[in-house]
Each structure stands twice: as structure tokens, then as C-alpha cells.
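Asks: Here is my input, please return the structure:
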Amino acid sequence: MIPINIKKLLHRRSLIAAMAQAKADTPVAAWLLPQRQRRLAKAGETLWHKGEVATEMVCVETGQVRLKEPDVALGAGALLGEIGLFSPDHHRTGTSACDTDCVRHTRSAAGRAQLYDVHPKPGFHLMRLVVARLLHDIAAAKARAAEPMAATN
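Replies: Numbering: from 1, shown residues only. Predicted structure coming up:
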């Protein structure tokens with residue numbers, strides 16, 4: 001059992017090191033490139049609608065994609081669609097459409113699971129990204145709720 005436990009300990013240490021390193025390095029695109037699908041989209045094309053079942057996440061190679069809720073434009077290197085893959089019901093939390101012609105790389109939910117098996121860093125990066133986006137959405141909702149109160153004072 002000692003060799004097995006040593007192997008487990010070394011693996012845990014490498015995961016902890018990967019977590020620390022995932023804070024600010026390696027763009028998401030580098031993790032998405034293997035087993036990804038490259039797709040083109042025209043300006044004005046809707047990638048998905050709020051409430052649809054999430055089947056993939058997208059990394060933007062070129063162009064600009066707009067998240068309609070909240071109104072945010074994302075450019076080259078941005079990752080989107082990940083929240084739907086992590087949500088309990090796997091539904092999209094907002095609508096997204098291309099502001100310009102885009103080249104995007106998609107990765108399926110199954111591909112995402114395989115990715116974590118090979119590289120633990122993307123999982124930690126995605127957790128940070130999801131939490132950051134949710135915190136941003138909460139702050140924006142609080143600001144919108146405060147607007148009517150400020151207008152009446």
C-alpha cells in the first residue's frame with residue numbers, strides 16, 4: 001500500500017501546484033485546442049438563446065461576441081458558455097450573438113470532462129471565471145435595483 005499512497009500523495013501535490021499556477025497563466029484557448037471544433041459565424045448570428053440547453057462552451061479566436069444579459073462584448077481569447085455547462089439544469093443563462101464575423105472553437109460538455117482528466121488547470125480556471133461572472137452579474141443586478149431608489153430621492 002505504501003507505493004500506492006506515495007503515488008496518490010505526489011498526484012495531490014501536483015494538483016495543488018497546478019491550482020496555484022492556474023491563477024494567472026495559460027490562456028484558455030491553449031486547453032481547448034485539442035479535440036475542439038473550429039466554426040465560423042457571421043455578424044448578427046445568434047449562437048444560443050437564454051434558456052436553451054447548453055451543449056458546448058466557446059473560445060473566440062477572432063471577432064466579437066456579445067452576451068445580451070448582461071450587455072457585454074467579448075473578443076479574441078474570451079471563453080463563453082461555460083456557466084450553462086456547470087449549472088444544475090444545463091440551461092443557458094443568457095443569449096449570445098456575434099457583433100462581427102467570428103472564428104470560434106467549441107468544446108462539448110463531454111470534451112470538457114475529458115479535458116479535466118488530462119489537464120487539471122482548466123478546471124480551476126473555469127471555476128474562477130464562473131465565479132467572477134456570477135459576482136459581476138450580482139453587482140450589476142444590485143446597481144439596477146438601486147437606480148429606481150436613487151431616482152426617487
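
Asks: After the helix or strand of the chain with the lowest mean pLDDT, heading C-terminal, what element do we hit next?
Replies: Sorting the helices and strands of the chain by mean pLDDT, DSSP states H and E puts helix 28-32 at the bottom, at a mean of 55. Going down the chain from helix 28-32, the next helix or strand is strand 37-41, by DSSP states H and E.

Asks: low-confidence ranges in this structure?
Replies: In the predicted model, the chain carries pLDDT under 70 at residues 15-35, 111-124, 149-153.

Asks: Now do the strands in it.
Replies: Secondary structure of the chain (DSSP state E): strands at 37-41, 46-48, 56-62, 65-67, 72-74, 79-80, 96-98, 102-108.

Asks: Figure out which of the ones you listed is closest to residue 125.
Replies: strand 79-80 (8.6 Å; C-beta to C-beta). Every C-beta, even on glycine, is put in place using the N, C-alpha and C of the backbone.

Asks: so how far is that closest one off the chain centroid?
Replies: In this view, strand 79-80 has its centroid 4 Å away from the chain centroid, taken as C-alpha atoms, centre = their mean, to the nearest Å.
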